[in-house]
Every structure is written in structure tokens, then in C-alpha cells.
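Asker: Attaching a predicted model along with its sequence, questions to come.
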Amino acid sequence: MQLHVIARGKIGRTPEAELVDRYARRITWGMKITELPDRGGNVPPPPPGAVRTVALDERGRQLGSVEFARILERWRDEGVRETRFLIGAADGHDQGLRDGADLLIAFGAMTWPHMLARAMLVEQLWRATSIVAGHPYHREG
Ligand SMILES: C[S@@+](CC[C@H](N)C(=O)[O-])C[C@H]1O[C@@H](n2cnc3c(N)ncnc32)[C@H](O)[C@@H]1O
């Protein structure tokens, strides 16, 4: 299953970009990042086959890392081709996008800058895929 991060804003050559690269490089599942402008632009069309959409939003569910990993594992095992992770810009997501998502997830109730949220997401994707693989990176408790 491809993990497709669709994120608003240009990350450029920043400390956050280094973090994103550090974790993205370790992910052995298909992994792709598409940047959109802060406003406007079109979310790329989904590939053929089953697709899931996860929107990052501070009003979303606060999942544990193992719980998040098991959701991705289940979707992969169900034959989902791509899971898309949407990160908004300063204005967040519009209501239509939130309503259309399969899952809304929050990294706590606080608001984070979108570039930090991108780095945190990619770290969690690395963590989740290593949990699914039984790799010892993640420790519970
Ligand atoms: C600066 S925030 C936007 C805040 C906006 N005022 C709102 O109400 O959604 C930019 C993006 O970062 C992500 N983000 C920020 N804080 C987050 C959190 N606690 N959990 C999940 N994603 C978060 C979301 O994708 C959000 O659209």
C-alpha cells in the first residue's frame, strides 16, 4: 500500500525538510509526498482501486501509535492501493474535506505549524510501518 502525503506549503530547505527526509528514507512501503500551494491547487486524482483518506486535524481522533499501525495494516491487508494523508495550511481543511475523509487524526489538541505536522506524520508512518514489520524501533509503555 502506498503512503501518500498531500501537504500544503513548500517545505524548501528547512530543518523540517531534513526531518521529513530522515524518516521518509527509512520507510520501506511505497511513499510519496505531493506539495500543494497554501491555497487553491487540486488534490491529485486517486489511483484506480481502493483508496483511503486520512485528514490531519486537531479536532480528530487521538490514536496510539500501535492503534494507528493496526489501522494501516488492516487497510493494506484489505488490498487498499493508496492511503492519502492530507495536511492543511494556516486555514486548516474545509468542512467538505473533513466530511469526506475516512479518518481524522490529531497529534494532540494543540495546533502545530503545518511543516512540523508533516515531519511528525512521516515519523509516525515510519513508526507504524516498523510496528507492522515487528521491527524493535517502537517500544510501548
Ligand atoms: C496551522 S494548522 C491549521 C489550523 C487551523 N486554524 C484549523 O483550525 O485547522 C495547519 C495544519 O497542520 C496540521 N495540524 C496542526 N495541528 C495539528 C494537530 N494537533 N493534529 C493534527 N494535525 C495538525 C493540520 O493538517 C492543519 O490543517
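Answerer: Sure thing, it's come through.

Asker: Give me the phi and psi angles of the closest residue to residue 36 other than its chain neighbours.
Answerer: Of all residues not flanking residue 36 in the chain, residue 8 sits nearest, at 5.0 Å (Cβ to Cβ, 6 or more residues apart in numbering). Any C-beta I mention is one placed from the backbone N, CA and C, and that applies to glycine too. Phi and psi for residue 8, reported as degrees, to the nearest 10, are phi -80, psi 140.

Asker: how about residue 8, what does it touch?
Answerer: If you count contacts by Cβ atoms under 8 Å, 6 or more residues apart in numbering, residue 8 has them with 35, 36, 37, 38, 39, 87, 88, 89, 114.

Asker: Check the burial of the third one by counting its neighbours.
Answerer: Using other Cβ atoms under 10 Å, the number of residues around residue 37 comes to 10.

Asker: Could you report the distance from it to the ligand?
Answerer: 14 Å (Cβ to the nearest ligand atom, to the nearest Å).

Asker: Test for you: state the pLDDT assigned to that residue.
Answerer: pLDDT, residue 37: 96.

Asker: Residue 71 falls within a strand, correct?
Answerer: No. Per DSSP: H, G, I helix; E, B strand; the rest coil, residue 71 lies outside any strand segment and is helix.
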